[in-house]
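*Asks:* build me a structure from this.
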Amino acid sequence: MVRYSVQLFGLTVFALGLIWFAGNGEAVQSSQQASNPVYADTVRLEIQGETPAVSSDTSLAAKRDTFLRGIKRLQHAAYMIRNNYMEEVDSDKMFKAGIRGMLDDFDRFSVLMEKQSYDALMETTHGKYEGLGMQIDSREEHIIIISPIEGTPAYRMGLHAGDMILEIDGKSTSGMSSADASKLMRGSAGTSVKLLINRPGVAGEMEFDVMRAVIELKSVNYAGLIPGTDVGYVRLSKFAEESGFELREAVTKLVEQNASGVILDLRSNGGGLLDQAKEVSELFLEQGREIVYTKGKDITSERHLRSDKAPIYGAKPLVVLVNEGTASASEIVAGALQDWDRALIIGNTTYGKGLVQQVFDISNDGSLAVKLTTAKYYVPSGRCIQKPEVQQKDHADRESDIAAVKKGEDSMAVSEKPIFYTNAGRVVYGGGGIVPDIELDQEPWKPIEINLERKSMFFDFAVKYVADHPGIDPYTFQATDEIVTLFREHVKNQKFDYKTSTQVALEKLEEIVKDDSGEEKLFKGPLDSLSRLVEVEKANDFDESIEYIKRGIKTEIISSVAGERGVYEQIVLRQDKAVMKALEVLGKKGEYSTLMTKGAKRSSVN
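*Replies:* Presented below is the predicted three-dimensional model:
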């Protein structure tokens, strides 16, 4: 009862604040709103100070009268609680709890933001911060990693898009908001945080001990011609304040180098500023083309963003690389370029994060704001970016939803997705996320590979090896059999261990047998045999993952010697399968044009 009263009181405070700020609900939208910054940290955030315009329709007026009568009741309840509760009431705490209670039945992105959470949100678009370096979201009642930021502790430790964070420094993330999780993971550079991770398809849980660092938010991680070709490659890892400018400079240089085609890598790009998504799209789309539009319940929520500038790379072949970590602003770019038949999309279906949110300041000092979902994103063909999933924080069928996700049933098969058409009439698919034109198979990680990464075996070995072998040439270095032998010794000296799938199953079986009193001796022989099988399995794992291990050694040593650029030039641009596929499409005569026109069934629509 008290919780319900607190929620009602919160609604009273919030509603009275809106009425005080914008009158009785008939305020006209301010003309200054057009200049307000718009953000898209996997969602669009529009900083607003006024409520949308409301029509004078009779039904709306009746609803407003009912709303105001409800406010009076809430106000009375608030005074009753303050005056009659058995202990002193902390008004500030009660206000915040009430507002959170109001939002509790809405989607998980509609939340109360205190100053620290708001400041953290702003940090993702400019400047620096101290933390782990990854973008997260709250899903399946826990915190999910959308993507680690390249060059950061999270990236170097091998954390992946889709990893579920179960605990942060021993604190369960069950029901935790992404803002609260971010608060726990941030801290002074040089301190560490322990994360308990569950990775889809991997048996057992994994613990990562990650050292915090100063995270610099850059956008273009690499740009240049791929060695031995005239094809340009640009890696855009986020949409921050200077992304459009950085990318414009990079693409301009490629144009000056007469690149025959460009590969724009948006993999694991979790989004950022919406206006930067617009600027990026403008580099490739014809002037006047629609990039994205929003639509919600209120007529004022519908907005259309179009390209206002002539492109600097508007004719030659363009390939965009995406994966399951490609989200929000990067999905807008990929979707717009696909819908206008301006780029071929290669990779895996994107994350599907397309909710529009506005941030309403509800305090006089900027200490409190409500982030409220007001609409959804749609790309030009009419496809909604948001994946169809349960949005509510506490849903009656939540357990069945989670069970479906664990079984891989959270996304529709392509054959079940609604069909849309590009400008030239090619078929593209809705249902959330951007479905690529060319789907690539995803390679599953083996337990030994996951654990070598998370326990920093490659990184630690590289630090020691580089110190013992000064003068390494990153452009000729190879992970020879001799170096692999040294790595094997290093792993052994570090007492490296991990659990295979067989071992996890064996441990569960041992628990069952142990609980069944009197029967343990009967199973001793088979259990011992399985234990020996586990040891054989581990002995074979290293050899079976030898190519992965060589690549990991080479990557970390080159990174230590030549930094991120060296890794791109010697690893990504020479071995990455998605890049190789893009080069194949761009290099084979007529292949790109054939794929871009394949399946077109109607005349172009302007």
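*Asks:* now the helices: where do they sit in the stretch 51-200 of the chain?
*Replies:* Here the stretch 51-200 of the chain has its helices, by DSSP state H, counting those that start in this stretch, at 58-84, 91-103, 115-123, 153-156, 178-185.
*Asks:* would you single out the least confident of those helices?
*Replies:* Per-stretch mean pLDDT for these is lowest at helix 115-123 (a mean of 63).
*Asks:* okay, the residue sitting nearest the centre point of the chain: pLDDT?
*Replies:* With distances taken as CA atoms, centre = their mean, residue 146 lies nearest the centre of the chain, 2.9 Å away. At residue 146, the pLDDT value in this model is 78.
*Asks:* got it, and residue 409?
*Replies:* 43.
*Asks:* also residue 365?
*Replies:* At residue 365, pLDDT is 77.
*Asks:* before we move on, back to that, look up how far residue 321 lies from the residue nearest to the centre of the chain.
*Replies:* To residue 321, residue 146 is 17 Å away according to CB to CB, to the nearest Å. For the C-beta atoms, the positions are set from N, CA and C on the backbone; glycine is no exception.
*Asks:* then residue 147?
*Replies:* Distance of residue 147 to residue 321, given as CB to CB: 13 Å.
*Asks:* the more surrounded of these two?
*Replies:* Taking other CB atoms under 10 Å, residue 147 and residue 321 do not tie; residue 147 has more neighbours (29 against 26).
*Asks:* pretty sure that one sits against residue 270.
*Replies:* Yes: at 4.6 Å, residue 147 and residue 270 qualify as touching, with contact defined as CB atoms under 8 Å.
*Asks:* quick check: neighbours shared by the two?
*Replies:* Between them, residue 147 and residue 270 have 135, 325, 327 as joint contacts when contacts are counted by CB atoms under 8 Å, 6 or more residues apart in numbering.
*Asks:* residue contacts, the last one?
*Replies:* Yep, that's residue 327 we're talking about. Here residue 327 is in contact with 42, 135, 146-147, 269-271, 350-353 (criterion: CB under 8 Å, 6+ apart).
*Asks:* one more pass at 7 Å, please.
*Replies:* Residues near residue 327 by CB atoms under 7 Å, 6 or more residues apart in numbering: 42, 146, 270-271, 350-351, 353.
*Asks:* find the nearest non-adjacent residue to residue 462, please.
*Replies:* residue 556 (3.6 Å; CB to CB, 6 or more residues apart in numbering).
*Asks:* before we move on, which element is the one you found in?
*Replies:* Using DSSP states H and E, residue 556 sits in helix 546-567.
*Asks:* can you name the element that comes right after that helix?
*Replies:* As assigned by DSSP H and E, the chain's next helix or strand after helix 546-567 is helix 573-575.
*Asks:* any buried residues in that next one, and which?
*Replies:* Burial within helix 573-575, assessed by neighbour count using 16 or more other CB atoms under 10 Å, is assigned to residue 573.
*Asks:* list the buried residues in whichever helix or strand comes after it.
*Replies:* Sequence-wise, the next helix or strand downstream of helix 573-575 (DSSP H and E) is helix 577-587. Judged by neighbour count using 16+ other CB under 10 Å, the buried positions of helix 577-587 are 578-579, 581-583, 585-586.
*Asks:* quick one: contacts of helix 577-587?
*Replies:* Applying CB under 7 Å, 6+ apart, the set of residues contacting helix 577-587 is 226, 229, 231, 233, 261, 263, 317, 319, 321, 344, 346-347, 438, 440, 572-573, 591-592, 595.
*Asks:* what is the burial count for the nearest residue to residue 347 once chain neighbours are set aside?
*Replies:* Excluding the flanking residues, the one nearest residue 347 by CB to CB, 6+ apart is residue 322, at 4.2 Å. When counting by other CB under 10 Å, one arrives at 32 neighbours for residue 322.
*Asks:* so who does residue 322 touch?
*Replies:* So residue 322 contacts 266-267, 334, 345, 347-348, 350, 434, 436 (CB under 7 Å, 6+ apart).
*Asks:* any idea how far it is from residue 463?
*Replies:* 33 Å.
*Asks:* ok, residue 252 next?
*Replies:* Residue 252 sits 38 Å away from residue 463 when distances are taken as CB to CB.
*Asks:* quick one, what contacts the nearest residue to residue 155 once chain neighbours are set aside?
*Replies:* Computed as CB to CB, 6+ apart, the closest residue to residue 155 that is not its neighbour in sequence is residue 148, at 4.1 Å. With contact set as CB under 7 Å, 6+ apart, residue 148 has these partners: 133-134, 154-155, 159.
*Asks:* which one of the residues you listed sits closest to residue 100?
*Replies:* residue 134 (25.2 Å; CB to CB).
*Asks:* wait, that closest one touches residue 145, no?
*Replies:* Yes: with contact defined as CB atoms under 7 Å, residue 134 reaches residue 145; the gap is 5.5 Å.
*Asks:* what do these two both touch?
*Replies:* residue 159.
*Asks:* backbone dihedrals for residue 471, please?
*Replies:* Residue 471 adopts backbone torsions of phi 80, psi 20, taken as degrees, to the nearest 10.
*Asks:* separation between it and residue 561?
*Replies:* 9 Å.
*Asks:* just residue 85 next, same as before
*Replies:* Computed as CB to CB, the residue 85 to residue 561 distance reads 65 Å.
*Asks:* higher neighbour count, these two?
*Replies:* Higher neighbour count among residue 85 and residue 561: residue 561, with 18 against 12, using other CB under 10 Å.
*Asks:* what sits against the more buried one?
*Replies:* Going by CB under 7 Å, 6+ apart, the list of residues near residue 561 reads 466, 472, 474.
*Asks:* pull the longest strand from this structure.
*Replies:* strand 368-378 (DSSP state E).
*Asks:* between that strand and helix 91-103, how many degrees?
*Replies:* Angle, strand 368-378 to helix 91-103, by axes from the mean of the first three to the mean of the last three CA atoms, to 10 degrees: 20 degrees.
*Asks:* quick one: secondary structure of residue 263?
*Replies:* strand (DSSP: H, G, I helix; E, B strand; the rest coil).
*Asks:* before we move on, what about residue 452?
*Replies:* Secondary structure state of residue 452, per three-state DSSP, is helix.
*Asks:* tally of neighbours for it?
*Replies:* 26.
*Asks:* I'd say it and residue 458 touch.
*Replies:* Yes: if you go by CB under 7 Å, residue 452 and residue 458 touch, sitting 6.3 Å apart.
*Asks:* need the overlap of contacts for those two.
*Replies:* residue 552.
*Asks:* sorry, back to before: the longest strand of the chain packs against which elements?
*Replies:* Judged by 3 or more CB pairs under 7 Å, 6 or more residues apart in numbering; DSSP states H and E, strand 368-378 is in contact with strand 111-114, strand 290-295, strand 355-361.
*Asks:* can you list the domains in the chain?
*Replies:* As assigned by automatic domain parsing, the chain contains the domains 2-30+53-106, 128-216, 220-353+377-385+405-442+590-597, 447-579.
*Asks:* could those domains go into a markdown table alongside distance to residue 365?
*Replies:* What follows is these, written out as a markdown table (distance: least, CB to CB, whole Å):
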| stretch | distance to residue 365 |
| --- | --- |
| domain 2-30+53-106 | 12 |
| domain 128-216 | 19 |
| domain 220-353+377-385+405-442+590-597 | 25 |
| domain 447-579 | 41 |
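*Asks:* residue 364 is nearest to which of the ones you listed?
*Replies:* domain 2-30+53-106 (9.8 Å).
*Asks:* what's the distance between residue 330 and residue 96?
*Replies:* 33 Å.
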